[in-house]
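Undergrad: pasted the sequence and its predicted model underneath.
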Amino acid sequence: MTAKDVIDLVDELDPSAISAEIKMKWLNAVEEQIWREIVMTHETAEREEFVPHTFGREENMLVPDAYADVYRYYLEAKIAQANAEMDRYNSLVEAYNAAFSTFKDWYGRTHCPVRRVRKLRFI
């Protein structure tokens, strides 16, 4: 799923006056968090620095489609927060946290963590 796909889905499910540029900025913020806190702590990281998504770049997001609700709930929560819909925001943040945790657990089960200690030396 690309960033544009996520924005199109959220626009269809939750139409708002928030521009696509702001939604892309929000998506890049959560994508960078996922890259920094999850992907870079595992050996399968493909790149050394985060590259933000843009509308012209049709690269898939880090989270696979099976767990892509992470992005949907995050954007919907940010929209609710911007509109001062605090009850809706709180329920969407709960949904986001659950989706994020599920993805993080899956990633941890399917990817080897970075080894920080190369050798143990006993004295």
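TA: Structure's in. What do you need?

Undergrad: ok, and what's touching stretch 64-71?
TA: 1, 6, 27, 30-31, 34, 61, 63, 95-96, 99-100, 102-103, 106 (C-beta atoms under 8 Å, 6 or more residues apart in numbering). For glycine as for every other residue, the C-beta is placed from the backbone atoms N, C-alpha and C.

Undergrad: identify, by residue count, the longest helix of the chain.
TA: helix 86-110 (DSSP state H).

Undergrad: what packs against that helix?
TA: With contacts taken as 3 or more C-beta pairs under 8 Å, 6 or more residues apart in numbering; DSSP states H and E, helix 86-110 sits against helix 69-82.

Undergrad: chain center to the helix it packs on, what's the gap?
TA: 11 Å (C-alpha atoms, centre = their mean, to the nearest Å).

Undergrad: what mean pLDDT does it get?
TA: Average pLDDT, helix 69-82: 96.

Undergrad: quick revisit: ok, of the contacts of stretch 64-71, which one's closest to residue 49?
TA: residue 31 (12.8 Å; C-beta to C-beta).
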